[in-house]
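>>> Sequence first, then the predicted structure:
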Amino acid sequence: QVQLVESGGGLVQAGGSLRLSCAASGRAFSSLNMGWFRQAPGKEREFVAAIRWTGTVTDTADSVKGRFTISRDNAKNTVYLQMNNLTPEDTAVYYCAASTRPAYTTSRSPEHYDYWGQGTQVTVSS
């Protein structure tokens, strides 16, 4: 079992920045491939970014590329999502996810993740 707890969400003005954190426990964090997803009201959950267990490979959705950066600190069992130049379209609940499957190192599919956090709300005002 893996427990994931997100933090760092909140209300920010357009153009501002936030850094989300996701703390993991219950299993060797360094063996987990991690991802961030988001879900806006009335929309499906969508991929934001993912990072391989080594931290050497990342993938970022086109909609946030150049503005969002995923990183991890295996010593702190934490994955981060740095979000810059936020827009109202980034408003959503952001979820951290963990995959234990070696074949899916930076998957964009929610089905390839085994554990999910409870989510943290990000609201961007115009």
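Good, I have the coordinates. Residues are numbered from 1 along each chain as shown.
>>> what about the residue nearest the centre of the chain, distance to Ser126?
In the chain, the centroid-proximal residue (Cα atoms, centre = their mean) is Trp36; its distance is 2.2 Å. Between Trp36 and Ser126 the computed distance is 23 Å (Cβ to Cβ, to the nearest Å). C-betas here are computed from N, CA, C, even on glycine.
>>> got it, and Ile70?
Distance from Ile70 to Ser126, by Cβ to Cβ: 26 Å.
>>> which of those two has more neighbours?
Ile70 (22 against 9; other Cβ atoms under 10 Å).
>>> Return the residues in contact with the more buried one.
Met34, Trp36, Val48, Ala49, Ala50, Ile51, Thr58, Thr60, Val79, Tyr80, Leu81, Gln82 (Cβ atoms under 8 Å, 6 or more residues apart in numbering).
>>> Let's verify the fifth one: helix, strand, or coil?
This means Ala50. Three-state call for Ala50 (DSSP: H, G, I helix; E, B strand; the rest coil): strand.
>>> can you give me the helices for this protein?
Read by DSSP state H, the chain holds no helices at all.
>>> Output the below-cut-off pLDDT ranges for the chain.
By pLDDT under 70, the chain has no low-scoring segment.
>>> Where do the strands of it begin and end?
3-7, 10-13, 18-25, 33-39, 46-51, 58-60, 68-73, 78-83, 92-99, 115-116, 120-125 (DSSP state E).
>>> To Arg108, which of the ones you listed lies closest?
Arg108 lies closest to strand 46-51 among the strands of the chain, at 4.1 Å (Cβ to Cβ).
>>> got the angle between that closest one and strand 68-73?
Relative orientation of strand 46-51 versus strand 68-73 (axes from the mean of the first three to the mean of the last three Cα atoms, to 10 degrees): 40 degrees.
>>> Which strands and helices lie in contact with strand 46-51?
In terms of contacts (3 or more Cβ pairs under 8 Å, 6 or more residues apart in numbering; DSSP states H and E), strand 46-51 is packed against strand 33-39, strand 58-60, strand 68-73, strand 78-83.
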